[in-house]
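Q: Kindly return the folded structure for what I paste below:
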Amino acid sequence: MPLAIRHEESAHRFVATLGGGEAVLDYVPAGEGIVDFVSTYVPDVLRHRQVGTQLVLHALEDARARGLRVIPSCWFVRAVVERRPELATLLV
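A: Coordinates of the predicted model:
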């Protein structure tokens, strides 16, 4: 089943839906051209399926496309970036 990710801009979050479960990455604007990725939640039913990683990568690419820099307050976001050093340029 394909992963559907949507950006709920008014709610400041990205949501990934798969098999009836939803994973969420919450963010807050943190100044001119900066967003803070504060929290990532993946329900048990979606864990160990790379849903969280795909969600973070999607959000990071969205930030890149918008010309934004990212504060990785969420430990999981930091872990994804550490595994992909080419993404470090997006960080504040």
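Q: Point out where the chain drops to low pLDDT.
A: Per-residue confidence for the chain (pLDDT under 70) gives these ranges: 1-2.
Q: ok, which stretches of this protein are helices?
A: Listed in chain order, the helices of the chain (DSSP state H) span 51-65, 75-83.
Q: would CSV of the ones you listed with distance to residue 25 be doable?
A: Any C-beta I mention is one placed from the backbone N, CA and C, and that applies to glycine too. Supplementary listing: those in CSV, determined by distance: least, Cβ to Cβ, whole Å:
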stretch, distance to residue 25
helix 51-65, 5
helix 75-83, 8
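Q: deepest of those, which one?
A: Relative to the other members of those, helix 51-65 carries the highest mean neighbour count by mean count of other Cβ atoms under 10 Å, namely a mean of 19.
Q: Show me the contact partners of that one.
A: 3, 5, 7, 14, 16, 18, 23-25, 27, 35, 37, 40, 42, 46, 69-70, 76-77, 80-81, 84, 87, 90 (Cβ atoms under 8 Å, 6 or more residues apart in numbering).
Q: which residues touch the residue lying closest to residue 22 once chain neighbours are set aside?
A: In space, and not counting its chain neighbours, residue 22 is closest to residue 15: 5.5 Å by Cβ to Cβ, 6 or more residues apart in numbering. Contacts here follow Cβ under 8 Å, 6+ apart; on that basis residue 15 touches 5-6, 8, 22-24.
Q: Out of those, which two are the most distant from each other?
A: 8 and 23 (12.8 Å; Cβ to Cβ).
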